[in-house]
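Undergrad: structure here, sequence nowhere to be found:
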């Protein structure tokens, strides 16, 4: 007699995973859930985004290190979400595998829960999909979905507000974050991954709390001291910064205005990669860029430790140029 378990899907294992997750996130387990909007928001606008962690998963799985990859998943989502000026409310995850390893999945979810707490949002639910024959043993995939809220009058509209003279303030990354790993895996042989594990698996930095504090301080009424935010992900500087620019401005980024972490220099050296390709693939040590009114830069810097002025907005045609500070 054939059963679902003999076909490769262990419902009991799935139930055990849910039981363990409920200890960390008590609200999960239903078919769906909801939560009240925070008080004090006059015109609430819901904002949402989705993302994954790409082939960083391949390194985590090869090295059997699963405790931070869920943290990355949340980070890639909530860092996107705050670029609208809003705050995260809740998070959902999707975990897919060929055969469910409860202990492994628990480690992944533990990272998700930790990052949610540090982003002041709640893990409201998720999906565990056991698909025998679809994934190889030990393989799994992750996706995440974040929902947040912003008061309509406080929502960032950088294409309308960013103007010549505004300043680019760079917020330091923790390293590679979760982008460029297909290239990373070309220049670091699999036999070297263990040696470089701490660098390659450093979790994505969360910007939610410090950035929202700056927004609360600088954006009041019709005054928007913080004009826009750019999460530097896949596409690096060249493809991400233009997403917030209007048609008549460009961003000038000053190379040498911050220290590029050693891992990026190692990647470039090993792969003999051109500068333009590096800045179009990686964050190069800058995980987020805030565009600010010149008079608000010092206040923002005091509130964002490690931040550096890295460029300026000028008249142009919605592009990015990298140059030295004296040009």
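TA: Cool, the structure landed. As the structure is a computational prediction, the values presented were derived from the model and not from experiment. Numbers count the residues shown, from 1 in each chain.
Undergrad: how about the contacts made by residue 3?
TA: Not one residue lies near residue 3 by CB atoms under 8 Å, 6 or more residues apart in numbering. (Glycine included, C-beta is placed from N, CA and C.)
Undergrad: which parts of this structure are helices?
TA: 11-24, 56-62, 69-81, 102-118, 158-161, 181-187, 197-200, 208-218, 236-240, 262-271, 275-281, 297-303 (DSSP state H).
Undergrad: show me this protein divided up by domain.
TA: As recorded under automatic domain parsing, the domains making up the chain are 11-154, 158-324.
Undergrad: in TSV: those domains, plus mean neighbour count and mean pLDDT.
TA: TSV is the format used below for the domains of the chain (neighbours: other CB atoms under 10 Å; pLDDT from 0 to 100):
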stretch	mean neighbour count	mean pLDDT
domain 11-154	18	93
domain 158-324	18	96
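Undergrad: got these as JSON lines, with distance to residue 5 columns?
TA: Listed next are the domains of the chain as JSON lines, based on distance: least, CB to CB, whole Å:
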{"stretch": "domain 11-154", "distance to residue 5": "7"}
{"stretch": "domain 158-324", "distance to residue 5": "33"}
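Undergrad: for residue 1, find the nearest of those.
TA: Relative to residue 1, the nearest member of the domains of the chain by CB to CB is domain 11-154, separated by 16.2 Å.
Undergrad: quick one: the residue most central in space within the chain and residue 263, what's the gap?
TA: Residue closest to the average C-alpha location in the chain (CA atoms, centre = their mean): residue 76, at 1.9 Å. From residue 76 over to residue 263 the distance is 18 Å, taken as CB to CB, to the nearest Å.
Undergrad: for residue 163, same thing?
TA: From residue 163 to residue 263 the distance is 35 Å (CB to CB).
Undergrad: contacting residues for the residue nearest to residue 261 when sequence neighbours are not counted?
TA: Spatial nearest neighbour of residue 261, excluding adjacent residues (CB to CB, 6 or more residues apart in numbering): residue 285 at 4.8 Å. Neighbour list for residue 285: 172, 173, 258, 259, 260, 261, 264 [criterion: CB under 8 Å, 6+ apart].
Undergrad: my read: the third one touches residue 308, true?
TA: Meaning residue 258. Yes. Between residue 258 and residue 308 there is a contact under CB atoms under 8 Å: 4.7 Å.
Undergrad: still on that earlier bit, so which of the helices of the chain gets nearest residue 38?
TA: Taking the helices of the chain one by one with CB to CB, helix 208-218 is closest: 12.2 Å.
Undergrad: for residue 44, list the residues it contacts.
TA: Contact analysis of residue 44 by CB under 8 Å, 6+ apart lists 37, 149, 150, 151, 152.
Undergrad: kindly report the same for residue 293.
TA: 166, 167, 218, 224, 225, 226, 227.
Undergrad: need the residues you listed in CSV (columns: distance to residue 135).
TA: Listed next are the contacts of residue 293 as CSV, based on distance: CB to CB, whole Å:
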residue, distance to residue 135
166, 46
167, 46
218, 46
224, 46
225, 48
226, 42
227, 44
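Undergrad: report the two of these separated the most.
TA: Maximum pairwise distance among the contacts of residue 293 (CB to CB): 13.7 Å, between 167 and 224.
Undergrad: closest one of the contacts of residue 285 to residue 184?
TA: Distances from residue 184 to the contacts of residue 285, taken by CB to CB, are shortest for residue 264, at 10.2 Å.
Undergrad: which residues does that closest one contact?
TA: 176, 278, 282, 284, 285.
Undergrad: nearest approach to residue 313 belongs to which of the helices of the chain?
TA: Distance to residue 313, taken as CB to CB, is lowest for helix 158-161 among the helices of the chain, at 10.1 Å.
Undergrad: so what secondary structure elements neighbour that closest one?
TA: The contact analysis (3 or more CB pairs under 8 Å, 6 or more residues apart in numbering; DSSP states H and E) places helix 158-161 against strand 226-231.
Undergrad: contacts for the strand it packs on next, please.
TA: 79-80, 82-83, 85, 156, 158, 161-163, 166, 207, 211, 214-215, 218-219, 240-241, 243-244, 287-293, 296, 300.
Undergrad: excluding chain neighbours, what is closest to residue 312?
TA: That would be residue 252: by CB to CB, 6+ apart, it lies 5.4 Å from residue 312.
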